[in-house]
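> Any chance you could fold what I've pasted below:
(one chain, ligands or ions: 1)
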Amino acid sequence: MLPNNDMASLAGETRSRFKRAGTFFSRIPRKFLLVISAALALSLIAIIPNLTNGPEEPIDPILQDDIEKNKILQSSNTDYSNPDAKEKLVIVEHVVKPGENLSVIARDYGISIDTICGSNNLRSYDFIRAGTRLKIPNKDGILYRMRGGNNITGIAKKYRVSIEKIIAENDLKNPDFVQKDSVIFIPDAKPQNIIRGFMWPTRGRYITCGYGWRRNPFNRKYREFHQGLDIRARYEWIRASKYGKVTYTGWMGGYGNAVIIAHPGGWKTLYAHLSRIIVRRGQYVKQGQTIARSGNTGRSTGPHLHYEIIKSGRNKNPYTYLHKK
Ligand SMILES: [Zn+2]
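Below you'll find the model as predicted:
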C-alpha cells in the first residue's frame, strides 16, 4: 500500500503548481477557476482508489483470509486454560522399558520432561536405564520431599506458584507444619518459561516455503508475508508440537481445515490445509499426539502442512523454535 504521505505530497504539488501559475490563473475569470478546481478535486478522488490498489497490495482473498484467521487466533476462545483444577492428583509408577527415554515417556503421559525430572530427582536429560522406576504425576508440577527448614511459603516463592494452590493440591491441614521427609506436589512448578522447543508436527522436515516475505504462489506479481512454514507432508498424520488444549477445529477460509492448539504461557500453534481432523475442541493433547492428517484444503497448491507458532498474538518464525535434533 502507498503510504498516506504520498497522497499528501501529491496534493501539495498541485497546490504549489497553482501558486507558480498564479499570474496565469489571475487572468482567468473567478467562476471558471472554481470550475477548474472542482474538476481537479473530482479527478483526485478518482485517482485515490487506484493508488491504494497499487501492485504491492496483496490480492484481496488472501488479505481476507488473514484477517479472518487472525480474528480467530486473537480471540480469547482460542486461549489456553488449565484442565479442570479439581482433577485429583494421581501418581503412577512407570518402569522404564528398553529403548525408552525421558522425552518418549513425557510424551506418552502428556506431561513435561521437567515434571519427570523434578519428581524423580533426575538432574539431566541423561540416558535412563531400563528397569528404573519413575514416579509420574498426572499433572505438570513436581514432587518435592520436604527438608528440615522448608516451609510452604518459601517453596511457593521459590517455584513461583500460589500457596493456596499447593495447600489445596496436597490437602494440607496445617501448612505451617509440614513434616520433614513428607512428599508434597507443587503444581505448575515446572518453569514454563523455559521452552525446550516445539516438536516437529510432521515426520519429515522438508520446508517448501519458509517464514517471511514471498511471492504469492497464486499470482507471482504480488508479495505477501508468509506467517508460518510450509512443510512437505502428503496426506500424512500430523502431531501436536507441544502439550496443550485444542481450542479450534474446522474451516478457516483459505487455510482450509485447521486446528489451533493453545499451550501454557501464551503460546499457540496452528496447523492448516488439513484433510482430516481427529481431535475435538476442548480436548487436551499430549506432545506428539496425532491430531490430524495433512492435505490440500483451502488455498493450497498441493498437499502440505502450513504450520504457525504464535506467542501472545504475534507470529514467530517456527523454525527457530522447532527441535533441532
Ligand atoms: Zn503456508
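
> Now do the same for stretch 185-201: mean pLDDT, whole number.
Stretch 185-201 carries an average pLDDT of 68.

> so where's the stretch 151-300 of the chain shaky on pLDDT?
Scanning the stretch 151-300 of the chain for pLDDT under 70 picks out 190-197.

> ok, the residue of the chain found nearest the ion - how many residues close by?
As assessed by CB to the ion, the ion sits closest to residue 306 within the chain, at 3.5 Å. For the C-beta atoms, the positions are set from N, CA and C on the backbone; glycine is no exception. Using other CB atoms under 10 Å, residue 306 has 25 other residues around it.

> Quickly find the element holding it.
strand 304-311 (DSSP states H and E).

> Could I get the buried residue list for that strand?
Neighbour-count burial for strand 304-311 flags 304, 305, 306, 307, 308, 309, 310 (criterion: 16 or more other CB atoms under 10 Å).

> Turn those residues into a markdown table, including distance to residue 178.
Formatted as a markdown table, these follow (distance: CB to CB, whole Å):
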| residue | distance to residue 178 |
| --- | --- |
| 304 | 54 |
| 305 | 48 |
| 306 | 50 |
| 307 | 45 |
| 308 | 44 |
| 309 | 40 |
| 310 | 40 |
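
> Turn the residues you listed into JSON lines, including pLDDT.
Converted to JSON lines, the buried residues of strand 304-311 look like this (pLDDT from 0 to 100):
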{"residue": "304", "pLDDT": "97"}
{"residue": "305", "pLDDT": "98"}
{"residue": "306", "pLDDT": "98"}
{"residue": "307", "pLDDT": "98"}
{"residue": "308", "pLDDT": "98"}
{"residue": "309", "pLDDT": "97"}
{"residue": "310", "pLDDT": "97"}
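
> Run through the residues of the stretch 201-325 of the chain sitting next to the ion.
230, 306 (CB under 5 Å from the ion).

> Outline the domain layout of this protein.
4-52, 60-80+196-320, 91-187 (automatic domain parsing).

> Figure out the length between the terminal residues of the second one.
By that I understand domain 60-80+196-320. 30 Å (CA to CA, to the nearest Å).

> Now find how far off-centre that domain is within its chain.
Relative to its parent chain, domain 60-80+196-320 has a centroid offset of 9 Å by CA atoms, centre = their mean, to the nearest Å.

> Check the last one too.
What separates the centre of domain 91-187 from the centre of its chain is 28 Å, taken as CA atoms, centre = their mean.

> Next, count neighbours for residue 97.
10.

> does it count as helix, strand or coil?
On the three-state scheme (DSSP: H, G, I helix; E, B strand; the rest coil), residue 97 is labelled coil.

> My guess is residue 306 contacts residue 228. True?
Yes. Contact criterion CB atoms under 8 Å: residue 306 and residue 228 qualify, at 5.4 Å.

> re the thing from before, in contact with the residue of the chain closest to the ion, which residues?
Residues near residue 306 by CB atoms under 8 Å, 6 or more residues apart in numbering: 228, 229, 230, 255, 270, 271, 272, 273, 300.
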